[in-house]
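Participant: let me see the structure of the following:
(chains A and B, ligands or ions: 1)
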Amino acid sequence: MKDRLEELRTEGLQALGAASSLSSLKASEVQLLGKKGALTTLLKGVGALPPEERPLIGQLANQVKKAFAEKVASVSTALKEAQIAAELDSAGFDSTLPSAPLTLGGAHPVQVITRELEDLFLSMGFRVADGPEVELEANNFDALNIPADHPARESHDTIWVQEAAGETPGLCMRTHTSPVQIRTLREAGAPLRVIAPGRVFRQETQDATHDHTFHQMEGLVVDRGVGVPQMLHAMNAMIEGVFGKHLKTRIRPGYFPFVEPGFELDAQCPFCEAGCSVCKGSRWIELIGCGLVHPKVLKKSGVDPDIYSGFAFGVGLSRLAMLRYGIRDVRWMLGGSISFLSQFSE
Amino acid sequence: MKISLNWIGEFVDLSGYSPEELMDLLTLHTTEVEGLAWFADEIQDVIVGEVISCIGHPDADKLSVTEVSFGGEGPVNVVCGAPNVRQGLKVAFAPLGASLPGGLKIKKAKLRGVQSIGMICSEKELELGDSHAGIMELPSDAPVGARLVDYLDLLDPVLEVDNKAINHRPDLWGHYGFAREFAAILKRDLAPISLFEDWPTDPSAVNVSVTEAEVCPFYSVTSFAVPVSSNSSPLAIQRRLLAVGQRPVGLVVDLTNYVLLETGQPTHAFDAKKVAGQQLHVRCAAAGESLITLDEEIRSLTPQDLVIADSSGPVALAGVMGGSGTQVDASTQEFLLEAASFSATQIRRTSHRFGLRSESSARFEKTLDVSLPVLAQARFAHLLLEHCPEAAITGAPVPVGDSTPEEIHLTMDVARVAERLGLSLSPEEMAQTLDRLGFPVTVQDGDLQVQVPSWRSSKDIRLPVDLEEEVGRLVGYDQIQPKPLTAPLEPTSLSQEQLLSRRLATCLVGSHCSYQTQGYSFLSSEALQKWGLSLEGYVPIQNPVHEGADLLRKDPLFSLCEQAVGNEREVSAGVLFEMGKGYSARMDSTGEPQERHWLGLVSWNLNTLGANHVKGSFRSLRGIMEDLLSRAGKNVALAEKTIPPLSPLGNPSRILTWTSGPQETPVAQIFQIHPALRSDFGFVSQDVSLLLLDLGLLSQALDAPFLFQAPARFPAIKVDVSLALPKAVTFAETEAALRQAAGKFLSNLVLFDQFEGEGLPAGFKSLAFRATLRSSDKTLSEKEEKKYLKAASRIAEELGGHLRS
Ligand SMILES: [Zn+2]
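Facilitator: Residues are numbered from 1 along each chain as shown, chains lettered A, B, ... in the order given. Got it, this is the predicted structure:
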């Protein structure tokens, strides 16, 4: 029995030492020490020994068991260290290999900008309104202080759905998102903060910089004590949001019949310091039409201009997208080419 | 519109400012200047020369050989083809190396064997006129060697202003209006326009009458006489006209143009001899009358057109264009000058109806100051006598109507204006600012009493609020400090529909490899008809942008299919979607066409289940739709009955619909494209499926209840069965039967394979299902697996087939 144990010790230690991996070490351990393992099986014969030999054999068996456990621990540590060392060795690993090709989707650039602006204005307490794209002539023009025969109507190059005749109201493809001002103001009254992104339509011959369908965003704030300073602050926040950096801005006189005074807001060209092709050398780019809401517009929408004032603004979303991404031809926007759409993500 | 800064300089001292600075100042304080160009900068190399000798060319009849001296170096030989070249003439000379308009550069040349070093220029070559009959003749006292541009004071910085931007400012349609702006901006004096005042006592010999006083509140005629010899206007007039792009044609017409460009008021000259009956009558045209206008077009008139008529009929289209029959020309000795006020609406309508826009109609359309005609006729008389002393005023103006402008007095609430503009200005500061623009102001009890001058009162300043801009822009908007909005803090959020749209778009882009696109709202009725589709229910466009855009779309699928076809060559399988409006000819309660907010989607060649023997975009779309609907969290159900396609593009027998509510309103649908339309669109792929989802309806559907279920603690067992079934048996009935038979341990049942053919009896197909069996309180054993297999076998037999494995 004693010889068998000594033999097992030698064989066992050898087997454990020869293990080349943690799993083969485990297998050898089980073979020796498991329920059906060699040591366990051998010790089942202890009962048959004379009583005086039993303590000696028991002692020896414990020594063997201990030797095995120590060996397992040391081999296991060595194997683990070797594995870590191997993984830390750069040889044979090509980190430059590509992944399998991914199939991805893509967002529309105007949608990307729209979402960003919606989130920005939501955070400033605005809500987002929607309005019909086929609009009543009365909302698209008259309520915005652009009566029939107003010269501003001509510059709108309207696409008509139905000319007004007798009781039949005039209907047109909305030429701007401004009628949403009127709708929201009538429905919700003052005070109000709202933006309205959406598509608008003009009679335009398509070329690299013109399309008959494009996207705009309207904004309107009506409250007590709102004036040009608040308008400037909100516009600066919008521009910083779109271009991701602070840009100097300036306002200058501009004419929109539904605001008085009206302004054109220019931002410092984000692409240059000394003039470039985008700003046509002027270092300024015209971005936003804005102004204080005309008292006639407030009155027509049921808001008392002696109590409330407000500002309104309109910005071309298609234009913002083109500026931000350097898209030089507007026809990509509604062209649906995946090679175009795949370049944008939220 | 072109604005000559030299011209402005006649009224305001612009010294100390560069043209670029003036351009910026005008942009910041008045209106955007789009560009700056120097008039005559291309002829700066041209020098005053003298022809010191001139002989005929030995080998060419029409050429002369001259010697020209031009200061500096000695005289040079120049060959010249002009008939009027002669010894002693002072000429515009382009020496060797000089540049001329159009990029021409003067080089040495040999003409028929004679050396020519330089060029004697015509007005046309210098772009100073149309005349190329001969070379330009300069006065005999012109200093030889001087630059032509200096001698004639030609160099002129010219600003380009966008006409659209000054539509609301009638006062800015002449140089004097801009001079007034510069005077106010620079805080310098504005010189008055010199006017003729000493009218003869006898009125002009012409009978003037106005029938339509409503659209012609003032009409005045003055008679003049000019000597025939003085046909062309002096250079001082011509250079102003040329600098702003107006071609000189003759003294009288040039002066009417000059007055128009200076004051903004159009006038018109009739040749007095050609006016029948010595009368000018402002009236509406009679039906059937016609007029040949100055552009030699015959205009058929209607009673809506206002005309000026003599005793024989119309001689001018009022405010738009004169008639060629009474035109002033080189033989004119006496003429009648019209200066009038016409209604803007009247002029715009006539001008539109004839598609005839003139400098005159463009101005009358703006609602001009009614006191301007009197000023314009006095200015004309002054200029005529100044530049043609032999001319005579043969009668005093004969006015009809009233030229008194409406007086507008406004009260300005100084505190409110200061708050709205964000400029803290005292009443006095505001008053001074308005005064600079010519508004008489008095301060009363801290508020301003403002009188609006006639040139601003005709249209753009009618309300107190209109004065705010005047104050703000002159003080300078750069003085305004931005301030944040203040308001009670209240939560804001997107609407249900907006949130839903966002969530679905994110899901499609992020999880289903889809590209979000935008398509046009317009369709072609011709294409629809060609493809045999009904035009019913489409909204027609009255003035389409082009022929192929004469209807409004009902949903985004048309443009999606077109875009998909455009992508097919590059992208063999893909998904495009759009969230956009569709329009229906049905009117809603407000009299507007109904609009639906759609999610439209097109897919081509999408594989499903990853196995190459199970293909089909239709089934892929079902998966995508189920994902969308589950993310929407709305209570919608697959319709049991067949619902016709929501779009005419759909194949009515390859369709699946989801409905909501007790009315089972269809909110979403997938279908294959109609096979005939697939080829009409030009699809290469045979496998094209479409999806439509009404975002408005879906957002209104009830929320689907959602409850968390604790993940199971005991392991599941997976059992695969393959059923051979007659082809007519659907997946849906098989699946329903299996579910029912599987018992309470079934937690999931999916189809993982389906095929027909090899190894199956004729008329049979195989459907393979994987069931997941699981219990919440124990580990399942083989017993449950066997029970399920037995049930599956029974179902297969009940459906007319058998279990394959
Ligand atoms: Zn730039």
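
Participant: is the strand or helix carrying A:Gly262 anywhere near the ion?
Facilitator: Secondary structure from DSSP states H and E places A:Gly262 in strand A:259-268. No - Strand A:259-268 stays out of contact with the ion when judged by Cβ under 5 Å from the ion, the minimum separation being 8.6 Å. Using the backbone N, CA and C atoms, a C-beta is placed for each residue, glycine as well.

Participant: show me what that strand is packed up against.
Facilitator: Contacts defined by 3 or more Cβ pairs under 8 Å, 6 or more residues apart in numbering or on different chains; DSSP states H and E place strand A:259-268 against helix A:228-243, strand A:249-253, strand A:284-293, strand A:309-316, helix B:465-475.

Participant: can you list the strands that that strand pairs with?
Facilitator: Strand A:259-268 pairs in its sheet with strand A:249-253 (antiparallel), strand A:284-293 (antiparallel), by DSSP bridges.

Participant: out of those, nearest to B:Leu646?
Facilitator: Closest approach to B:Leu646 among the strands paired with strand A:259-268 (Cβ to Cβ): strand A:284-293, 38.8 Å.

Participant: from the chain's centre, how far out does the helix or strand following that closest one sit?
Facilitator: Beyond strand A:284-293 on the C-terminal side, the first helix or strand identified by DSSP H and E is helix A:295-300. Distance of helix A:295-300 from the chain centroid (Cα atoms, centre = their mean, to the nearest Å) equals 39 Å.

Participant: which parts of the stretch 51-200 of chain B sit against chain A?
Facilitator: B:Lys164, B:Ala165, B:Asn167, B:His168, B:Arg169 (Cβ under 8 Å from any Cβ of the partner chain).

Participant: again, 6 Å this time
Facilitator: B:Lys164, B:Asn167, B:His168 (Cβ under 6 Å from any Cβ of the partner chain).

Participant: which one (most neighbours) among the residues you listed?
Facilitator: Top of those by neighbour number is B:Asn167, holding 22 neighbours under the definition other Cβ atoms under 10 Å in any protein chain shown.

Participant: list the contacts of that residue.
Facilitator: Going by Cβ atoms under 6 Å, 6 or more residues apart in numbering or on different chains, B:Asn167 touches A:Pro151.

Participant: swap in B:Pro227?
Facilitator: By Cβ under 6 Å, 6+ apart, the neighbours of B:Pro227 are B:Glu390.

Participant: assign it to helix, strand or coil.
Facilitator: Under the three-state scheme (DSSP: H, G, I helix; E, B strand; the rest coil), B:Pro227 adopts coil.

Participant: any idea how far it lies from chain A?
Facilitator: In this structure, B:Pro227 and chain A are 42 Å apart, going by Cβ to the nearest Cβ, to the nearest Å.

Participant: just the strands in the stretch 51-200 of chain B please.
Facilitator: In the stretch 51-200 of chain B, strands defined by DSSP state E, counting those that start in this stretch lie at B:60-69, B:76-80, B:90-94, B:99-100, B:104-105, B:108-111, B:114-117, B:119-120, B:137-138, B:156-161, listed in chain order.

Participant: per-domain residue ranges of chain A.
Facilitator: A:2-90, A:109-344 (automatic domain parsing).

Participant: end-to-end on the shortest one?
Facilitator: Its start and end residues considered, domain A:2-90 measures 50 Å (Cα to Cα, to the nearest Å).

Participant: how about stretch B:241-259?
Facilitator: 10 Å.

Participant: do the same with stretch B:709-720
Facilitator: This stretch, stretch B:709-720, spans 25 Å end to end (Cα to Cα).

Participant: buried residues, that stretch. List them.
Facilitator: B:Ala716, B:Ile717, B:Val719 (16 or more other Cβ atoms under 10 Å in any protein chain shown).

Participant: roughly how far apart are the second one and B:Gly743?
Facilitator: Taken as Cβ to Cβ, to the nearest Å, the spacing of B:Ile717 relative to B:Gly743 amounts to 13 Å.

Participant: how about the first one?
Facilitator: Using Cβ to Cβ, B:Ala716 is found at 14 Å from B:Gly743.

Participant: equivalent analysis for B:Ala285, please.
Facilitator: 94 Å.

Participant: who's B:Met579 bridged to?
Facilitator: Beta-bridge partners recorded for B:Met579 (DSSP bridges): B:Leu599.

Participant: surely it is in contact with B:Ser501?
Facilitator: Yes - taking Cβ atoms under 6 Å as the definition, B:Met579 is a contact partner of B:Ser501 at 5.4 Å.

Participant: wait, isn't B:Val602 in contact with B:Glu562?
Facilitator: No - the pair B:Val602 / B:Glu562 is not scored as a contact, 9.5 Å apart, by Cβ under 6 Å.

Participant: when these two are compared, which one has more neighbours?
Facilitator: Legend: neighbour count by other Cβ under 10 Å for B:Val602 and B:Glu562, higher for B:Val602 (33 against 18).

Participant: how near is that one to B:Leu629?
Facilitator: 19 Å.

Participant: repeat that for B:Phe439.
Facilitator: Where B:Leu629 is concerned, B:Phe439 sits at a distance of 65 Å (Cβ to Cβ).

Participant: for A:Leu136, which non-adjacent residue is closest in space?
Facilitator: A:Pro169 (5.4 Å; Cβ to Cβ, 6 or more residues apart in numbering or on different chains).

Participant: how many other residues sit next to the one you found?
Facilitator: Using other Cβ under 10 Å: A:Pro169 sits among 16 other residues.

Participant: many thanks, I have nothing further to ask.
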